[in-house]
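In: could you work out the structure for the sequence below:
(one chain, ligands or ions: 1)
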Amino acid sequence: MTRKGARQREWTVAELQLLRDNAGKVPRRELSRMLKRGAGSVKQQVYRMRAQGEDITLRCFRSRLSTCPACGALRSRMGSEGICEPCRRRRQLAKVHERISHLLAQLPPDERAVYDDTEAETESSLDPMPPPPPLVGLTAYERERALEAREIAVEDWLARNLRRQVKAAQKRKERIAKKLK
Ligand SMILES: [Zn+2]
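Out: As a prediction, this is how the structure comes out:
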């Protein structure tokens, strides 16, 4: 019996491992080059592995996240300063806190104590962190996508809480400034 593809070279254990390690991570063309096999041969082998119940795909997940140069976290958006919103808000918050300490230092000690107490209140009103996604039953591709969605949810959560903290700190700063007039 002679048919197209019948004389294909057997897949070695090492080649199969290389395929498992890189499928869905490197583009198809690159994978073919690494394995020194044609696109059809690679596709057929993946098809066979899937038929045997392996969670393998050639479909590459393209993340739209990039690394923030300031905090090193994976973020979906960088602002005009080239850093993520949580980083920008943290810097903003630090500046307001610095201004508050400066103002507090000018208050008499007994009045200062009143404003120190309100500090703790703003910390307690934070939203709970988004839960990790359920990954059971997902394919490798779907898992990557779910994990990326979680990263974005955490980024939004951080930014939201920091915006709230900045707002609370600014109000506090205004109250203290008024007291000093
Ligand atoms: Zn950052």
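In: for the chain, what lies in contact range of the ion?
Out: Within reach of the ion by C-beta under 5 Å from the ion, the chain has these residues: 68, 70-71, 84, 87. C-betas here are computed from N, CA, C, even on glycine.
In: buried members of those residues into PyMOL, please.
Out: Command for PyMOL that selects the buried part of these, burial taken from 16 or more other C-beta atoms under 10 Å:
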select buried, resi 68+70+84+87
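In: filter the residues of the chain next to the ion down to the ones in helices?
Out: Among the residues of the chain next to the ion, the ones falling in helices (DSSP state H) are Cys87.
In: rebuild the residues of the chain next to the ion as CSV, extending it with pLDDT.
Out: Shown next, in CSV, are the residues of the chain next to the ion (pLDDT from 0 to 100):
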residue, pLDDT
Cys68, 97
Ala70, 96
Cys71, 96
Cys84, 97
Cys87, 97
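In: I'd like the residues of the chain next to the ion laid out as CSV, including distance to Gln8.
Out: Output for the residues of the chain next to the ion, formatted as CSV (distance: C-beta to C-beta, whole Å):
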residue, distance to Gln8
Cys68, 46
Ala70, 51
Cys71, 49
Cys84, 48
Cys87, 52
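In: now Ser63, nearest residue through space, not along the chain?
Out: Closest residue to Ser63 apart from its sequence neighbours, by C-beta to C-beta, 6 or more residues apart in numbering: Glu148 at 5.8 Å.
In: can you tell me how far the one you found is from Trp11?
Out: 31 Å (C-beta to C-beta, to the nearest Å).
In: kindly report the same for Cys68.
Out: Distance, Cys68 to Trp11, using C-beta to C-beta: 41 Å.
In: pLDDT score for the spatially most central residue of the chain?
Out: The chain has Glu151 as the residue nearest its centroid, 3.1 Å off, counting by C-alpha atoms, centre = their mean. On pLDDT, Glu151 comes in at 95.
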